[in-house]
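Trainee: Just to be clear, the model below is a prediction. Sequence and coordinates:
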Amino acid sequence: MDVALQILFSGLTLGAVYAVSTIGLALIYGALNMLNMAQGGLLALGGYMAMWAMQAMGFPAPLAALTAMAAGAVAGGLIFLLAARPMLGGEGFETRIFIATIGIGLMLESLILKAFGPQPQAQSLRLDGGLMFGRVNLPWQNLLIFVTAILMLAGVALLLGRSRLGRAIRATSMNREAAQLMGVPIRRIYLTILMLSGALAALSGIMISSMSGLLPNMGADPMLKAFIICVVAGLGNVPGAALVAFAIGMLEALIQYLFGVQYAFAILLCLVIAVLIWRPQGIFGQKEVVRL
Amino acid sequence: MIRFLTLAPARRDFLIAALLFALMLAVPLLTGTRYVMTQLTVFFIWAVVASQWNLVLGVAGIFSLAQMALFAVGAYATAMLAYYLGLMLPAAMLLAALVTVGVSLVIGFGCLRLRGPYVALLTLAIGQVMYLVVVNDTECFTTPASGCLPLFGGARGFSRFGDLGLRDLLGSKWYIGHYYVGLVLLLAAQVFCIAIIHGPLGLAFRGLRDNPGLALARGVSRTRYQLWVFGLSAFFTGLAGAFHGAHFGVVGPTAFAFPMLLFILAMIVVGGLGTTWGPLIGAALLMWADEGLREVSDWREIGLGLVLALCVVLFPRGLAGIRLRVAR
């Protein structure tokens, strides 16, 4: 019983962290057909900015989180303006933007390395202590992560489902040309999506670093996991991505308990390979009907 | 000059390959510096990988990131065959290349039903699984004098699995021998590429890339040609991995490292995706830039990232593409 509770707690926390960073990626892919490989850099940027805001500027925790998210949003916006916008609609966009964002991610990580040094650091934005359920400890930090993530997901769902902007985003993802003809300013929508995704990545970066510490390349593994989640859910499917994020988080916690931490990622990847071979379009993906 | 330009493309490319080969043959006679020789040998290795990867990525248009994993398979298979079975290194290298072809065929089969970015992720995941299996395996398979050795070498990898025999033959000048081995490897790989790109196989690959509907309707089988391209491009990739292991005398998990994958990918894209000479131009340029940036090692990664992003944004067809536009 204690074990089950422990797995549940850590699984939900992991899932929450993954969900926040994954929905940003899913949004971008849905609208632009763009895999943002700079996500890992954005995660690190968020984590480091939050620490910097608290330590160097003496900001209180909520303001530090907002600073980090603003930095993420600016970085996301710059990625669109400097890299994606010039090649939008050109041939081979998917491959080229994939590679361009790899370059940007590399630059971001190296700049962080230059600014903050290579040694691991602790995230200042974290809560100590916890709640005891019988013999199981639920750290406040995990609870905070979970609640923030749920609020964030609800916010994004409201934004997408109820607002004018959300309708424009959904319209652009469904059919770019038709949306443009109806007067949706798609370039501005793209910019908004990338900024939103950058802010979400920064928030996720704070969460990740509060659990495992800050390193310039801390974003690499979470980014790969976020992509896995996107692909398993079906690329561009935002609600599916959130759901799969929690499923993968639980699964990872379970595998960690059963087989040990060092095999968790490998087993997870094997499962993903199996899913992809069994359902190439992802679990929630629509089967693509190609008209020739 | 005019006659040269109007030559059939295949013959023109073979001619360029022959000229470059002759030029490179003479290099050790002009500068005997060990540093230059070794750097050029490494360049040959990466150029081979880039040219073969370009067959899959550029010519066939399949977004596979498995090439570095295949490179590692070649290196590991060589080391393991030589270490455990005591095979002569050249024999082990050839066998390893064949093993690589087998692994590549399996991967190609796995992504048959996938498209675009899904292929990229599946192949990336496969490479990552291999890396994790190698690094996380801490159980001793054998215990040589140097201590515990897991089946796949663990985090430390293999060393002392023999060499090409050039050290005995040439003494302290062995690195010149390796230079020529690398050069011949690159020549063979490039001639192989030219033959494929300008041959019927290349036509089928490009047909399936540019207009799959028409190609399928004309009876070009996707399954068959996808397996062909995965199999063919793996042979020299595996051989390059094997030679990399033989040249440095160690095979370790760094062969799977993501930065290396990015570096080679950058060579192909900067040079020109899907072009015959682009990968080699890109490999030369990036190796040179990498050397130049080593002086200011702090800025190396930043510079590399910047070059990568700028090239993709400014030159959609790579450097080889610019040359073509000027020529027409």
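Mentor: Noted; the coordinates are in hand.
Trainee: Up against chain A, what does the stretch 101-250 of chain B have?
Mentor: Proximity of the stretch 101-250 of chain B to chain A is confined to B:110, B:113-118, B:120-122, B:124-126, B:128-129, B:132-133, B:136, B:212-214, B:216-217 under the rule CB under 8 Å from any CB of the partner chain. The C-beta positions use only the backbone N, C-alpha and C, and glycine is treated the same way.
Trainee: ok, of those residues, which come out buried?
Mentor: B:110, B:114, B:116-118, B:120-122, B:124-126, B:128-129, B:132, B:136, B:212 (16 or more other CB atoms under 10 Å in any protein chain shown).
Trainee: Which members of the residues you listed occur in helices, if any?
Mentor: Those of these mapping onto helices are B:110, B:116-118, B:120-122, B:124-126, B:128-129, B:132, B:136, B:212, per DSSP state H.
Trainee: What is the most widely separated pair among these?
Mentor: Maximum pairwise distance among these (CB to CB): 39.6 Å, between B:136 and B:212.
Trainee: neighbours around residue A:248, how many?
Mentor: For residue A:248, the neighbour count with other CB atoms under 10 Å in any protein chain shown is 25.
Trainee: Tally up the residues packed near residue A:259, please.
Mentor: 12.
Trainee: Please report how far it lies from chain B.
Mentor: Note on residue A:259: its distance to chain B, by CB to the nearest CB, to the nearest Å, is 11 Å.
Trainee: now swap in residue A:92 and tell me
Mentor: Counting by CB to the nearest CB - residue A:92 and chain B are separated by 7 Å.
Trainee: Dump stretch A:110-127 to CSV, restricted to CA.
Mentor: Output in CSV follows, covering the C-alpha atoms of stretch A:110-127 (Å, rounded to 0.1, in the frame of the first residue of the first chain):
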residue,chain,number,x,y,z
SER,A,110,26.5,27.1,-24.4
LEU,A,111,25.5,30.6,-23.4
ILE,A,112,24.0,29.3,-20.1
LEU,A,113,27.2,27.3,-19.6
LYS,A,114,29.3,30.5,-20.1
ALA,A,115,27.1,32.6,-17.8
PHE,A,116,26.6,30.1,-14.9
GLY,A,117,29.5,27.6,-15.2
PRO,A,118,29.4,23.9,-15.7
GLN,A,119,29.0,22.8,-12.0
PRO,A,120,25.6,21.5,-10.9
GLN,A,121,23.7,24.0,-8.8
ALA,A,122,20.6,23.8,-6.6
GLN,A,123,17.4,25.4,-7.6
SER,A,124,16.6,28.2,-5.1
LEU,A,125,12.9,28.1,-6.0
ARG,A,126,11.8,25.1,-4.0
LEU,A,127,9.8,24.2,-0.9
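Trainee: Return the distance of whichever strand or helix holds residue B:204 from the chain's centre.
Mentor: Per DSSP states H and E: residue B:204 is located in helix B:200-210. With CA atoms, centre = their mean, to the nearest Å as the basis, helix B:200-210 stands 21 Å off its chain's centre.
Trainee: ok, now stretch B:12-20?
Mentor: 20 Å.
Trainee: Could you do stretch B:259-279 as well?
Mentor: 10 Å.
Trainee: Flag every buried residue along stretch A:103-114.
Mentor: A:103, A:104, A:105, A:106, A:107, A:108, A:109, A:110, A:111, A:112, A:113.
Trainee: confidence score at the last one?
Mentor: Model confidence at residue A:113, given as pLDDT, is 89.
Trainee: dump the residue contacts of residue A:264.
Mentor: By CB atoms under 8 Å, 6 or more residues apart in numbering or on different chains, the contact list for residue A:264 reads A:252, A:255, A:256.
Trainee: top helix in chain A by residue count?
Mentor: Longest helix in chain A, counting by DSSP H: helix A:2-32.
Trainee: In that one, which residues are buried?
Mentor: A:6-7, A:9-32.
Trainee: for residue 205, what are its contacts?
Mentor: Going with chain A. Counting by CB under 8 Å, 6+ apart, residue A:205 has contacts A:21, A:42, A:43, A:44, A:45, A:46, A:47, A:50, A:68, A:72, A:218, A:219.
Trainee: not what I meant, chain B
Mentor: B:55, B:59, B:60, B:61, B:196, B:225, B:229.
Trainee: Now do residue A:185 against residue B:128, distance only.
Mentor: To residue B:128, residue A:185 is 39 Å away according to CB to CB, to the nearest Å.
Trainee: that's a helix at residue B:14, yeah?
Mentor: Yes. When classified by DSSP: H, G, I helix; E, B strand; the rest coil, residue B:14 is found to be part of a helix.
Trainee: Now render the contacts of residue A:264 as CSV, adding distance to residue B:140.
Mentor: Shown next, in CSV, are the contacts of residue A:264 (distance: CB to CB, whole Å):
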residue, distance to residue B:140
A:252, 28
A:255, 25
A:256, 24
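Trainee: Would you reformat those residues as CSV and include secondary structure, neighbour count and distance to chain B?
Mentor: Compiled in CSV, the contacts of residue A:264 are given as follows (DSSP: H, G, I helix; E, B strand; the rest coil; neighbours: other CB atoms under 10 Å in any protein chain shown; distance: CB to the nearest CB, whole Å):
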residue, secondary structure, neighbour count, distance to chain B
A:252, helix, 22, 14
A:255, helix, 19, 13
A:256, helix, 20, 13
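Trainee: related to what we said a few turns ago, could you identify the most distant pair in the contacts of residue B:205?
Mentor: Maximum pairwise distance among the contacts of residue B:205 (CB to CB): 14.2 Å, between B:61 and B:196.
Trainee: before we move on, the earlier item: out of the contacts of residue B:205, grab the one that's most surrounded.
Mentor: Per-residue neighbour counts (other CB under 10 Å) across the contacts of residue B:205 peak at residue B:55, which has 29 neighbours.
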